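**Student:** Could you work out the structure for the sequence below:
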Amino acid sequence: MSEKTSSENIDSDRIDFIDTANSIMNAIQVALGKISQTEMMKPLSQSLSIISGKFGSVTSLANLMVKYRNGTDTASDWLDASSDITALFAGRHPYGAALATILGIASFLASEDAQNMANAVLEGARKYGIVDPHSGEWLLPPDSLLPGLGGDASGPSKNPAQKIFSPVILDLDNDGVETLSLDAGIFFDHDGNRFAERSGWVAPDDGLLVLDRDDNGIIDSGSELFGDSTWLENGELAANGYQALQALDSNQDGVLDGNDPLWQQLQVWQDRNSNGRVDDGELLTMEQADVASIGTGYQNSSRVDGQGNAHKQIGIFTRTDGSTGQSADVWFATDTRSSRYNGDASLTEAIRALPWVQGFGNLADLHIAMKNSEPLKALVMQFVADPQAAKNTGLIQEIMYAWAGVSEIASNSRGAYIDARQLAVLEIATGSGYRNETNDTTDPLQNAAKTLQNEYQRFAAFTEARLLAQTLYRDAFDLIRVEIDADSAAVSLNVAAFEAHLSALKGSNMIQFLQLSSTLYAWFEYQPSFNAIRDRLGIPSNRIFTGSEADDVLTGNAANDFIVGGSGNDILKGGSGSDTYIFNVGDGQDTLFDNRFYFDEVDVLRFGEGILPEQVRLSRTTSTGWSNHLILSIADGSDCVTINNFFDSVSYEIERIEFADGTVWNPAILKAMLLTVTEEADTLWAYNEGSEIHAAGGNDRLTGVDGNDRLYGDEGDDTLNGGSGNDLLDGGAGDDVLTGGWGKDMLAGGTGNDILNGGYGSDIYLFNAGDGQDTLTDNRLYTEEVDILRFGEGILPEQVHLSRTFSAGQKNHLILSIADGTDRITINNFFDNVGYEIERIEFADGTVWDLASIKARVLTTTEEADTLWACKEGSEIHAAGGDDTLKGLDGNDMLYGDEGNDTLDGGSGNDLLAGGAGNDVLTGGWGKDLLVGGTGNDILQGGYGSDTYLFNAGDGQDVITDNRLYTEEVDILRFGEGILPEQVRLSRTFSTSRSNHLILSIADGTDRVTVNNFFDYESNRIERIEFADGTLWLPEDILNYTEHGIALPVTEAADNAISFALLKQDISLFLADGDGDDSGVSEVVTPLATAYNSPESLRSIAGY
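**Tutor:** Okay, here's the model as predicted:
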């Protein structure tokens, strides 16, 4: 036995096994010795030959294993194969081969001692591996027996189209070209990258056409076959095997034969033992293979044989006896993820002492990769030095990138949806590149990127678990043993001791239990044959989520998850399933999002040691909308847990809160605890099923949710919100804010100045004498809703005075003042929109005011100065005496100023404004308005729209300001009966700057109309001036007269189109007159008998 090393982290047992493969071999010799001591084996004992820990060589492993599987193997077969042990370990499938060897030895162990010895050998090989003492290569890496037990590990996948490689095969036995399937476990380096891929293969009785291009005596890559991996002289790969053959057809006669220079170098490889390696006697000359010539032509074929290999091109070859046989370019199904490294695999003792992880695809095993990368080796050594810190800091990511050699790739170089380094790791580990078939690029789109990221995380977790199992959790994983069954000689895993260890951890340290369980799960990744073990240990897939010291976001899935945020302020999302959340002292401020999909799910929040029930204080807070949360604050610290939406729906509840002392709280207990009130300011929430809450003293906040709640504010300035449901809100004493929300609610502010918001639904507001000055805001969503203000005893209809006030913009309020006191109710925005109206006001004596009654009372006028507003739907208002202000809104209003100096504003709509007596100001606003100033000196402003201004004899000196927004608008000044065209004298005056006005003075009196800015902008002009006799003046007529002295037209409206032409003929006469008096130009007057003195006539003119 070799001298033991003093390297750190290497125990003495491991030194024995790593340094000395001979110790393992000697153990096997002892086991074989046990075999020879049995009665059945004594006759063969003298045939057993073991020299220097190695075995002699007789027959091939393949033949022996066929016999073993069939149950026909004998002791003699094993003795014959004993000398081939070393070759066995280094063969095409070393892990499985080593296991099969030990299994074969164990099958002859009759005594208990022999079986124990075999188990010891097997366990030593599993834990410490077997190394070739000459080359330093692993014959059996540590832990590799486990993948061998479960068959080849599948490795990561990115779901590519299955890759295929093609060589030309010759039908040597004249029964058709035959192949082996991918499942035969044969590996060959088709693409020449030093990784032999798992591949379909040629059957033993047919042969591959080959050319040893590097003269090394073996065929070790696809470039030495004839297929799509053959390089042509132009530097390109052949499209198929026959194109590669054609390149050797020097005389271009369509046949390869002795006339071609390279014919003598061609060989036929008949892989008789189907190991993908050239063994003695397998390379045949063309003559030995009975091949005289090979045709280079072919026909395309769609045939796929029963082994899953495609015969895409079919040709013929000629045998030496003149007969012909079939050749075929067969495209082998290939799994590039499953591979064997064909490069130098010798290792130093230092590397062998580090953890080993199996590689896949074009990713060599971790030991081989470390041999070629010092940075990777340093990272792995860092992991070994402190695996817990490495786990917490995510060192595995750096290891993964260094292992694949992709650390320097820019993370954003493969599009916006994936880290390019992670995609590169997958491409290397699967042995093929990624291509997006949607846009024919190598950048994955969002959905594909998510799938690829998930697969990368699986691979990283597998790698980390393998490292942890050989470092941090070494003692625990050593409890898993590989054993041989004495009766069946089957090799299996014994996990009883490991399971007992897990069970003990679950009761004493839940976090360690979860960490070890999650490691075990990832350790078995890519090994579906071990799913039964995971199920038995109660570890279903993807159910354990552990955070770091940072602020983590952990998201579970539909399984029964265990979620441990650890320190930091974490967000934990269990999703559906019965989830368990673990929280310990110092874990920070975590937020839980849970969702129950089925009623039998039970979610648990489990507090660890050091958190007692009396240390936990419950409270409730809300986010946007109706979502509301349960907060569990841990006394004497900043730790707390927020369970989001706990009170929003039963599906978001945590069904059990468990303490280490055995105390359990369920939702019913939690809700009862949360409704406990004090004389301080409490925040209390009702529950979805409905609650009755009395707040007692303090300025409290009571909030209902979906149920029919009864909320009593009692003393203090309280805030009550009913939420959904038909609720009763009673503010009690104090200045309260009550919000009904959705539903048919009853709101009683009580004493104090309260704010009542009924919300949607048919609501009832209660108001009693002495209740103060309340403000109501109501919202009607549906027309059938009826909201009611109900006065209590002691408030009579005659005591209630209605008025109206305004806030910003057009919003305006209804005020109901109670006589002989300070009580008052303001209904916000009552006149702004029907949705804000209170449809009924009810009194205790049975009196009911409907909307019409309410609005009529608000529009009652006096002989004093009143301010009256029309309703949105349009109103008719007579102001009577006094200097009144009348304002319209959106409807078609009829506003009469009557006596006094009044201000009338039509707002939007087609309005009629009649100033009556006095100096009035009339503003039409938007719409087609009719403005009648009446007697007095009035200011008339039509605003936008086609407006009409009426002026009668005796109406005084009015000023018109008009604005045209659209060219199609036509504004009219219409003179009444008694004002003839010849009585109207035009003149022009100027204001500041360029504004200048048109003045129409009525002869024989003081009446006058001034049209402001008529000559300044077209938009300020009056488009038509009409007289009662039918005469019509247009703007061009006014301009011709004022600027050129052209007489005004005297024709009737029907002849307007030619008035300008007729007057132009007499232009010289008008200019020569020179006296400035052109009122006589009209000789034709058609009387227009129209009276403007009554509302009925005004309605007719305005179109009402």
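
**Student:** Convert the longest helix anywhere in the chain to PDB, retaining C-alpha atoms only.
**Tutor:** The residue-count maximum for a helix in the chain (DSSP state H) belongs to helix 446-469. What follows is helix 446-469, C-alpha atoms only, in PDB (Å, rounded to 0.1, in the frame of the first residue of the first chain):
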ATOM      1  CA  GLN A 446     -39.200  35.000 -24.100                       C
ATOM      2  CA  ASN A 447     -41.000  31.700 -23.700                       C
ATOM      3  CA  ALA A 448     -38.000  29.700 -25.000                       C
ATOM      4  CA  ALA A 449     -35.700  31.600 -22.700                       C
ATOM      5  CA  LYS A 450     -37.700  30.800 -19.700                       C
ATOM      6  CA  THR A 451     -37.600  27.000 -20.500                       C
ATOM      7  CA  LEU A 452     -33.800  27.200 -21.100                       C
ATOM      8  CA  GLN A 453     -33.200  29.100 -17.900                       C
ATOM      9  CA  ASN A 454     -35.200  26.500 -15.900                       C
ATOM     10  CA  GLU A 455     -33.100  23.700 -17.500                       C
ATOM     11  CA  TYR A 456     -29.900  25.600 -16.600                       C
ATOM     12  CA  GLN A 457     -31.000  26.000 -13.000                       C
ATOM     13  CA  ARG A 458     -31.700  22.200 -12.800                       C
ATOM     14  CA  PHE A 459     -28.200  21.500 -14.100                       C
ATOM     15  CA  ALA A 460     -26.600  24.000 -11.700                       C
ATOM     16  CA  ALA A 461     -28.600  22.600  -8.800                       C
ATOM     17  CA  PHE A 462     -27.500  19.000  -9.700                       C
ATOM     18  CA  THR A 463     -23.800  20.200  -9.800                       C
ATOM     19  CA  GLU A 464     -24.100  22.000  -6.500                       C
ATOM     20  CA  ALA A 465     -25.800  18.900  -4.900                       C
ATOM     21  CA  ARG A 466     -23.000  16.700  -6.100                       C
ATOM     22  CA  LEU A 467     -20.400  19.100  -4.600                       C
ATOM     23  CA  LEU A 468     -22.300  19.400  -1.300                       C
ATOM     24  CA  ALA A 469     -22.700  15.600  -1.000                       C
END
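
**Student:** mind listing what residue 475 touches?
**Tutor:** The neighbourhood of residue 475, defined by Cβ atoms under 8 Å, 6 or more residues apart in numbering, contains no residues. Every residue, glycine included, has its C-beta placed from N, CA and C.

**Student:** go on, residue 422?
**Tutor:** Taking Cβ under 8 Å, 6+ apart as the definition of contact, the neighbours of residue 422 are 400, 452-453, 456.

**Student:** Would you mind giving the domain segments of the chain?
**Tutor:** Domain assignment for the chain, taken from automatic domain parsing, gives 12-143, 163-341, 349-536, 544-671, 683-858, 876-1031.

**Student:** so what strands line up beside the helix or strand where residue 987 lies?
**Tutor:** Per DSSP states H and E: residue 987 is located in strand 984-990. Strand 984-990 has the following strand partners under DSSP bridges: strand 996-1002 (antiparallel).

**Student:** Can you give the distance of the partner strand from its chain's centre?
**Tutor:** Taking Cα atoms, centre = their mean, to the nearest Å, the mean C-alpha location of strand 996-1002 is offset from the chain mean by 71 Å.

**Student:** What residues are bridge-paired with residue 167?
**Tutor:** Note on residue 167: beta-bridge partners residue 227, judged by DSSP bridges.

**Student:** Ok, residue 436 next?
**Tutor:** Per DSSP bridges, residues listed as beta-bridge partners of residue 436: residue 441.

**Student:** Could I get the contacting residues of it?
**Tutor:** Counting by Cβ under 8 Å, 6+ apart, residue 436 makes contact with 442-445, 448.

**Student:** Which one of those is nearest to residue 528?
**Tutor:** residue 448 (24.0 Å; Cβ to Cβ).

**Student:** Burial check on the closest one, number of neighbours?
**Tutor:** Residue 448 sits with 20 neighbouring residues when counted by other Cβ atoms under 10 Å.

**Student:** what's the answer for the one 10 residues further on, then?
**Tutor:** Using other Cβ under 10 Å, residue 458 has 16 neighbouring residues.

**Student:** Do you know the pLDDT at the nearest residue in space to it that is not next to it in sequence?
**Tutor:** Across the structure, with Cβ to Cβ, 6 or more residues apart in numbering as the measure, the residue nearest residue 458 apart from its sequence neighbours is residue 525 (6.1 Å). Looking at residue 525, its pLDDT reads 86.
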